[in-house]
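K.L.:
Next input, structure requested:
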Amino acid sequence: MEVAKRLQGVGEYYFSKKLREIDELNKQGKNIINLGIGSPDLPPHPEVVKALQEAAAQPNVHGYQNYKGSPVLRTAFAGWYRQWYGVALDPDTEVLPLIGSKEGIMHICMTYLNEGDQVLVPNPGYPTYRSNVTIAGGVCIDYGLNGENGYQPDFAAIEAGDLSKVKLMFVNYPHMPTGQQPDAEVFRALIGFAKKHGILIVHDNPYSFILNEKPLSLLSVEGAKEVVIELNSLSKSHNMAGWRVGVLCGAAGRINEVLRFKSNMDSGMFLPVQLAAAKALGLGKEWHDEVNAVYRARREKVYQLLDLLKCTYSREQVGMFMWAAIPEGYKDGYELADAVLYNANVFITPGGIFGNAGDRFIRISLCGSTERFEQAFERIKEASIK
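P.N.:
This is a model prediction of the structure:
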């Protein structure tokens, strides 16, 4: 039995493979410190957990749910966007809850792409954009991002190519993996670019609350709903990664188009999870300040670790990762990451998994206690990795 042709060129997700290797090393007694994956280790707010427990105890909440999500959750998402982003959304027509925003990337690709359609994807960027486009039959067209241009799209360079077959463009600010903050001027340029070329912009926006005082939505730009759909998530902002709660926001027509595909893929999210998520969306600034105080302390430890590795980096990054250029003497980030893993029993992420523009970089997650970062520092120091 052969696998479908759509999987040609699509490998197993890097972290899926690497975690298996780490499991094997741990079985050998290595006790690997994992600083690679951005899975929040902090819990959600206690009131959110309480809301889930209370709702799950009710006898009438265990059936199939509305394919468009509970009105309670849609209304909460609309209120959240209004409060934090200044964006007005109709909860009945412009909000579509998702079982995690990652699934929304696939829904969008399957909804809009035919065989051979082209999609602009950032390099470096989230690998799932590329794999989902490929699975859907599309063709990825890289647009390069680099520190010299602030990890912003070079529209002149993009327009120098043939855009006649481009249907979608993925953008992601705050940017992962580089931590680049969004820029209002670039947001406006994106809207103009999309309208000029008839391209639908997909803005992936899960990091806007982490170590960032000014959350922004691309939908806040005038005219954005004509050419933008935005993905968001509670995974990072509310420490609910395993709960799988995301959202797709945009014009009613776009929501209905994606729903045609999504409704054939799942039967809705467990209602108590939706009700607890609505509770989370109502949390105030004090919640985000508390979470960010923890990440801020951790980031100081990561600065020390990166200095030990002689990496260079910007302290203006936001989000839950640190992106750093590797020192001379290493062929690429893979070589440095392997040296750290096999000599110091610490796992960090090579930047090359995000595209070849990340080959000479590494990424470290802030998802770990300050004590774990201190332990990682001591291990790397003792291993004399240079």
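
K.L.:
who's in contact with Ile22?
P.N.:
Ile32, Asn34, Phe347 (Cβ atoms under 8 Å, 6 or more residues apart in numbering). All C-beta atoms are positioned from the backbone trio N, CA, C, and that covers glycine.

K.L.:
Going by neighbour count, which of these comes out on top?
P.N.:
Phe347 (24 neighbours; other Cβ atoms under 10 Å).

K.L.:
what's that one in contact with, if anything?
P.N.:
Lys18, Ile22, Ile32, Ile33, Asn34, Leu35, Gly36, Ala337, Val340, Leu341.

K.L.:
now swap in Ala383 and tell me
P.N.:
The neighbours of Ala383, taking Cβ under 8 Å, 6+ apart as the test, are Val340, Asn343, Ala344.

K.L.:
Looking at the residues you listed, which is nearest Leu145?
P.N.:
Val340 (25.0 Å; Cβ to Cβ).

K.L.:
So the closest one: helix, strand or coil?
P.N.:
Three-state call for Val340 (DSSP: H, G, I helix; E, B strand; the rest coil): helix.

K.L.:
okay but it is in contact with Pro350, surely?
P.N.:
No: in this structure, Val340 is not within contact of Pro350 by Cβ atoms under 8 Å, at 10.0 Å.

K.L.:
can you tell me how far Tyr126 sits from Gly358?
P.N.:
Remark: distance between Tyr126 and Gly358 (Cβ to Cβ, to the nearest Å) = 11 Å.

K.L.:
can you check Val227 too?
P.N.:
In terms of Cβ to Cβ, Val227 sits 28 Å off from Gly358.

K.L.:
Columns neighbour count and distance to Gln152 on top of the contacts of Ala383, output as CSV?
P.N.:
Output for the contacts of Ala383, formatted as CSV (neighbours: other Cβ atoms under 10 Å; distance: Cβ to Cβ, whole Å):
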residue, neighbour count, distance to Gln152
Val340, 24, 30
Asn343, 14, 37
Ala344, 21, 35
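
K.L.:
Please produce TSV containing these, extended by distance to Gly250 and pLDDT.
P.N.:
Shown next, in TSV, are those (distance: Cβ to Cβ, whole Å; pLDDT from 0 to 100):
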residue	distance to Gly250	pLDDT
Val340	41	95
Asn343	48	93
Ala344	45	94
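
K.L.:
quick one, strands of the stretch 1-150 of the chain?
P.N.:
33-34, 95-98, 118-123, 139-144 (DSSP state E, counting those that start in this stretch).

K.L.:
looking just at contacts, which helices and strands does the second one meet?
P.N.:
Judged by 3 or more Cβ pairs under 8 Å, 6 or more residues apart in numbering; DSSP states H and E, strand 95-98 is in contact with helix 71-85, strand 246-249, helix 252-262.

K.L.:
Which neighbours in the sheet does the shortest one have, and how are they oriented?
P.N.:
Listed by DSSP bridges, the sheet partners of strand 246-249 and their directions read strand 95-98 (antiparallel), strand 228-233 (antiparallel).

K.L.:
could you dump it to PDB, C-alpha only?
P.N.:
C-alpha atoms of strand 246-249 as PDB (Å, rounded to 0.1, in the frame of the first residue of the first chain):
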ATOM      1  CA  GLY A 246      -8.500  28.700  18.600                       C
ATOM      2  CA  VAL A 247     -10.500  31.000  16.400                       C
ATOM      3  CA  LEU A 248     -10.800  32.200  12.800                       C
ATOM      4  CA  CYS A 249     -12.000  35.800  12.300                       C
END
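
K.L.:
neighbouring contacts of that strand?
P.N.:
77, 81, 87, 89, 94-104, 107-108, 206, 217, 219, 229-235, 255, 258.

K.L.:
by how many degrees do the longest helix along the chain and helix 71-85 diverge?
P.N.:
When the chain is parsed with DSSP state H, its longest helix is helix 285-308. Per axes from the mean of the first three to the mean of the last three Cα atoms, to 10 degrees, the angle that helix 285-308 makes with helix 71-85 is 60 degrees.

K.L.:
ok, now which ones touch the residue lying closest to Gly79 once chain neighbours are set aside?
P.N.:
Spatial nearest neighbour of Gly79, chain neighbours left out: Leu281 (7.0 Å); criterion: Cβ to Cβ, 6 or more residues apart in numbering. For Leu281, the contact set (Cβ under 8 Å, 6+ apart) comprises Ala76, Phe77, Gly79, Trp80, Leu234, His238.
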